[in-house]
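Chemist: Okay, here's the prediction I keep looking at, along with the sequence it came from:
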Amino acid sequence: MSLQQHWRTPLCLAPRHLLPWLTERGSLTTMLMAHFPNISVKVIFQGWQAAHLDEMDCLGPIAHQQNIACREVLLKSNQQPLVYAHSITTASALRKGFHLFGRSGSRPLGALLFADPKIQRSSLSWCCIDTRHPLWQKAQAAVGHLPQRLWARRSVFYSGCDKLLVTEVFLSSINCK
Ligand SMILES: C=C(O[C@@H]1C=C(C(=O)O)C=C[C@H]1O)C(=O)O
């Protein structure tokens with residue numbers, strides 16, 4: 001059955017082994033480190049990019065007028081990619097609440113986000129993305145061959161009025177040990 005691609009997909013449709021990963025409210029990086037050896041962050045892209053249509057509304061109307069700062073990474077265990085992550089924020093947020101976004105480098109973004117008590121996180125939402133979704137296509141460009149459908153989650157981090165949208169796509173190698 002081909003699931004509709006929308007971010008209100010009920011979790012009951014997700015594979016059981018992915019549920020702990022899809023629902024983790026703390027740092028995903030920290031959870032990966034607890035289950036896999038030698039976690040590293042490979043930065044695929046860090047710069048300005050247009051937001052995808054299904055992301056625009058998450059950042060609010062300001063995102064329709066401003067450039068969007070984007071960071072794409074692979075979280076890997078040794079050389080095995082586990083998660084493709086895509087994070088976006090606005091130019092004005094870069095100057096204020098998420099001024100460290102552009103300087104994370106190969107440090108996991110979560111190390112910055114979860115260290116700041118002023119930063120709050122919205123609820124998680126989930127989607128089973130397929131080859132039509134731009135993030136599936138970007139993950140494939142980064143990783144190579146991928147299953148036709150991948151489960152992803154996303155949430156908005158808030159620093160005051162500033163917003164950062166983080167989307168994490170779980171690659172087939174991740175299996176909650
Ligand atoms: C938000 C977190 O940071 C992780 C690391 C990211 C990065 O370095 O760009 C992006 C998303 C997350 O998978 C986390 O650890 O939960």
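Modeler: Noted; the coordinates are in hand. Numbering: from 1, shown residues only.

Chemist: switch to C-alpha atoms for all contacts and neighbour counts from now on
Modeler: OK.

Chemist: For Lys42, see how far away Tyr84 is.
Modeler: According to CA to CA, to the nearest Å, Tyr84 and Lys42 sit 10 Å apart.

Chemist: Mutual contacts of these two, please.
Modeler: Contact criterion CA atoms under 8 Å, 6 or more residues apart in numbering; residues shared by Tyr84 and Lys42: Val73, Leu74, Leu75.

Chemist: Mind giving me the packing neighbours of whichever strand or helix holds the last one?
Modeler: Assigned by DSSP states H and E, Leu75 belongs to strand 68-77. Based on contacts counted as 3 or more CA pairs under 8 Å, 6 or more residues apart in numbering; DSSP states H and E, the elements that strand 68-77 packs against are strand 39-48, strand 80-90, helix 91-95.

Chemist: CA-only coordinates of the first one in CSV, if you can.
Modeler: As requested, the backbone C-alpha atoms of strand 39-48 are provided in CSV (Å, rounded to 0.1, in the frame of the first residue of the first chain):
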residue,chain,number,x,y,z
ILE,A,39,29.0,8.2,15.4
SER,A,40,30.1,11.1,13.2
VAL,A,41,28.4,13.9,11.3
LYS,A,42,29.2,14.3,7.6
VAL,A,43,28.1,17.7,6.4
ILE,A,44,26.6,17.4,2.9
PHE,A,45,25.5,21.0,2.5
GLN,A,46,25.5,24.2,4.5
GLY,A,47,24.2,27.3,2.8
TRP,A,48,21.2,29.1,1.3
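
Chemist: who touches that strand?
Modeler: 29, 32-33, 67-78, 102, 105-108, 142.

Chemist: Sort out which residues of that strand are buried, please.
Modeler: By 16 or more other CA atoms under 10 Å, the buried positions in strand 39-48 come out as Ile39, Ser40, Val41, Lys42, Val43, Ile44, Gln46.

Chemist: repeat for stretch 155-164
Modeler: Ser155, Val156, Phe157, Tyr158, Ser159, Asp162, Lys163, Leu164.

Chemist: Can you flag which of the residues you listed belong to strands?
Modeler: If you go by DSSP state E, the buried residues of stretch 155-164 have Ser155, Val156, Phe157, Tyr158, Ser159, Asp162, Lys163, Leu164 in strands.

Chemist: for Gly60, phi and psi?
Modeler: phi 90, psi 170 (degrees, to the nearest 10).

Chemist: Please give me every residue in contact with it.
Modeler: With CA under 8 Å, 6+ apart as the criterion, no residue contacts Gly60.
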